[in-house]
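In: Got a sequence here, can you model it:
(2 chains)
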There are 2 protein chains.
Amino acid sequence: MATLTYGPDATTVTIEDRALAHLQYVIFQRYRRHEPFVMTLVTGTGTDRRRRSTWMTPGAAVSFSYDSEASQQLDREWLEELMKQSYSGAGLTYIEGAEASADGESEAVVAAAGKIVDAAAEAAQAAHPARGRQRATVAAA
Amino acid sequence: MATLTYGPDATTVTIEDRALAHLQYVIFQRYRRHEPFVMTLVTGTGTDRRRRSTWMTPGAAVSFSYDSEASQQLDREWLEELMKQSYSGAGLTYIEGAEASADGESEAVVAAAGKIVDAAAEAAQAAHPARGRQRATVAAA
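Out: Numbers count the residues shown, from 1 in each chain, chains lettered A, B, ... in the order given. Next up, the predicted model:
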């Protein structure tokens, strides 16, 4: 795991390597532009879960520390999303564990969409047997 | 409870969640406008009660930490009042326990106003029995 040391009290927060590498890119970009901004981190589990919003300013030091010697592969879309967030009112946001649950939700949406396609195909087949079968093939492709 | 970490010595002060969320909004708003300002906090109880005035500057980091993952509902009137304060000489001010006593004062004012209305109605009735009764009905409505 990687760590971020930042803020008025030099707090050290543990963050998943790849996510931290993306936060690092955005934070350094904003600082290079001499732009302060708001960052919100939601970390910890159970009763240790905390939300912390910090005024990030290029006037204050910040450090990113990794176990690994190699740098992480960065994802352009993810960086663009984070950069956009950093200019929003809520600010740059990292929610620990959110990626896993977001994946879960995506799977649920895909499964639900699949059922809708199946139901539509059945309904179409009941109304027009020939055309219905053709549509079902397209939907499943 | 929520905490604010700020100032030259990165002091951490415990502040009621909802009040801190409102202070956060105002502080970030002023910082986004690149505007430093004065903030005064009166916190603690008994002999630990202290008043602390701090020069808040966008050049220094500040953190707001909450137990809850969800953000607070913000009250527009409260925000406007705090924002106005932040531009005043005394600055943005938070007095721990003041809300409870302010509510107490409001109740006292309402009770006193009620007594004045009653006394005025009685006096009016003594002077002009018919009109007095009518006024008393209006005052009680």
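
In: Those residues of chain A touching chain B, which are they?
Out: Contact residues of chain A with respect to chain B, defined by CB under 8 Å from any CB of the partner chain, are listed as A:6-11, A:36, A:38, A:42, A:49-57, A:59-60, A:95. From N, CA and C alone the C-beta is placed, and that goes for glycine too.

In: which stretches of chain A have low pLDDT?
Out: A:99-141 (pLDDT under 70).

In: any chance you could map the helices in it?
Out: Listed from the start of the chain, chain A has helices (DSSP state H) covering A:17-32, A:76-86, A:98-127, A:129-140.

In: Could you export the first one as CSV, CA atoms only?
Out: Pointing back at helix A:17-32 there. What follows is helix A:17-32, C-alpha atoms only, in CSV (Å, rounded to 0.1, in the frame of the first residue of the first chain):
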residue,chain,number,x,y,z
ASP,A,17,-1.1,2.4,-5.0
ARG,A,18,-2.8,2.9,-8.3
ALA,A,19,-5.4,5.3,-6.9
LEU,A,20,-2.7,7.3,-5.2
ALA,A,21,-0.7,7.5,-8.4
HIS,A,22,-3.7,9.1,-10.1
LEU,A,23,-4.3,11.5,-7.2
GLN,A,24,-0.6,12.4,-7.3
TYR,A,25,-0.8,13.3,-11.0
VAL,A,26,-3.8,15.6,-10.5
ILE,A,27,-2.4,17.3,-7.3
PHE,A,28,0.9,18.0,-9.0
GLN,A,29,-0.8,19.3,-12.1
ARG,A,30,-2.9,21.7,-10.1
TYR,A,31,0.1,22.8,-8.1
ARG,A,32,2.2,23.4,-11.2
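
In: Contacts for stretch A:36-49 next, please.
Out: Outside stretch A:36-49, the residues that touch it by CB atoms under 8 Å, 6 or more residues apart in numbering or on different chains are A:13-15, A:23, A:27, A:30, A:50-59, A:86-87, A:89-98, B:28, B:31, B:58, B:67, B:69.

In: Please read the previous query as pertaining to stretch A:82-98.
Out: Residues lying outside stretch A:82-98 but in contact with it, judged by CB under 8 Å, 6+ apart, are A:15-16, A:19, A:22-23, A:25-27, A:29-30, A:37-45, A:53, A:56, B:69.

In: if you set the cut-off to 7 Å instead, what comes out?
Out: With CB atoms under 7 Å, 6 or more residues apart in numbering or on different chains as the test, stretch A:82-98 has contacts from A:15, A:19, A:22-23, A:26, A:29-30, A:37-43, A:53.

In: C-alpha coordinates for it, PDB please?
Out: Taking C-alpha atoms only, stretch A:82-98 is exported to PDB below (Å, rounded to 0.1, in the frame of the first residue of the first chain):
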ATOM      1  CA  LEU A  82     -10.300  13.400 -11.300                       C
ATOM      2  CA  MET A  83      -9.100  16.600 -12.800                       C
ATOM      3  CA  LYS A  84     -12.700  17.700 -13.500                       C
ATOM      4  CA  GLN A  85     -13.600  16.800  -9.900                       C
ATOM      5  CA  SER A  86     -10.800  18.900  -8.600                       C
ATOM      6  CA  TYR A  87     -12.400  22.000 -10.300                       C
ATOM      7  CA  SER A  88     -15.800  21.200  -8.800                       C
ATOM      8  CA  GLY A  89     -17.300  22.500  -5.500                       C
ATOM      9  CA  ALA A  90     -17.000  19.100  -3.800                       C
ATOM     10  CA  GLY A  91     -13.400  18.900  -5.000                       C
ATOM     11  CA  LEU A  92     -11.100  16.000  -5.900                       C
ATOM     12  CA  THR A  93     -12.600  13.000  -4.100                       C
ATOM     13  CA  TYR A  94     -11.300   9.500  -3.200                       C
ATOM     14  CA  ILE A  95     -13.600   7.100  -1.500                       C
ATOM     15  CA  GLU A  96     -11.800   4.000  -0.300                       C
ATOM     16  CA  GLY A  97     -13.700   0.800  -1.400                       C
ATOM     17  CA  ALA A  98     -16.000   2.700  -3.800                       C
END
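
In: Right, I'll call it a day here.
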